[in-house]
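A.B. asks: sequence unknown, structure follows:
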């Protein structure tokens, strides 16, 4: 399990088109565990994607990862992920499949969504919820934005950790 | 009137749904103490209860936001609020309409 201020696990995962992506190579990288079937993930989705758009010009990368067991939750299948990507729900954010669930396990991801912010050295600087209320779009992913701003400014995010809220990761039996 | 709230503990939304349901019942003069809260624990339970996700609220057997053809199972349910937002809980306005419709059915039968 990675703690704040420690190196985050590295990984290489395929997106819905088969291209492999790794974290890093950016002043800040946002790793979001998310999925297709969870109302919390869907309620926050547009706000999270807006962060990717708004910070792209500053070189911030975002990687979305679906770790759920698609056997028991067919809505989280690769085909269903591909359909969302093809309908432009992810803009330019790669939507990665964590088939083995090893990456979710390495990050100790709890829910969808669960958001992690890494600095340019791959050090974990923030982990938790995008903002304080999935019901309120005006929250605008403020925890996540504040964390990215802090990392870009070379500061420690405050808070560095919040409680992730959402559906539990659907682990394979 | 039978008011049921079925939930699966793996989804954190049922306390909010129960609070909303209680508030709506209070608002329209129904006793929230009559809510029957039942936990759905297994896939077999989900099949038996025709449970498409947590939370599910039924008034006299009618779902407050009838689902499309969803598979039965232990999952969080996706609701659509009347303003278009996606939510883990049903719109309180849908709860209110379902409760009032049931009350009207009851009064017609009497």
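C.D. replies: Received the coordinates, thanks. Treat the numbers as computed from the prediction; the structure is a model and nothing was measured.
A.B. asks: what about residue A:19, how many residues close to it?
C.D. replies: Neighbours of residue A:19 under the rule other C-beta atoms under 10 Å in any protein chain shown: 10. Glycine gets a C-beta too; all of them are placed from N, C-alpha and C.
A.B. asks: Need phi/psi at it.
C.D. replies: When read as degrees, to the nearest 10, the backbone of residue A:19 gives phi -80, psi 140.
A.B. asks: tell me the average confidence for the helix or strand hosting residue B:101?
C.D. replies: Using DSSP states H and E, residue B:101 sits in helix B:92-109. In this model, helix B:92-109 has an average pLDDT of 92.
A.B. asks: Residue A:152 contacts residue A:57, correct?
C.D. replies: No. The criterion here is C-beta atoms under 8 Å, and residue A:152 misses it with residue A:57 at 11.4 Å.
A.B. asks: what does the helix holding residue B:101 contact?
C.D. replies: Residues outside helix B:92-109 that contact it (C-beta atoms under 8 Å, 6 or more residues apart in numbering or on different chains): B:1, B:3, B:20-21, B:23-25, B:27-28, B:30, B:57, B:59-60, B:62-65, B:82.
A.B. asks: Any idea what the residue most central in space within chain A is bridged to?
C.D. replies: Geometric centre of chain A, nearest residue: residue A:32, 0.4 Å, by C-alpha atoms, centre = their mean. In this entry, residue A:32 is beta-bridged to residue A:64, residue A:115, by DSSP bridges.
A.B. asks: circling back to that earlier point, which positions within the helix holding residue B:101 qualify as buried?
C.D. replies: Buried residues in helix B:92-109, counted by 16 or more other C-beta atoms under 10 Å in any protein chain shown: B:92, B:94, B:95, B:96, B:98, B:99, B:102, B:103.
A.B. asks: picking up where we left off before, ok, residue A:152 and residue A:57, which is more surrounded?
C.D. replies: Between residue A:152 and residue A:57, counted using other C-beta under 10 Å, the more crowded position is residue A:152 (16 against 7).
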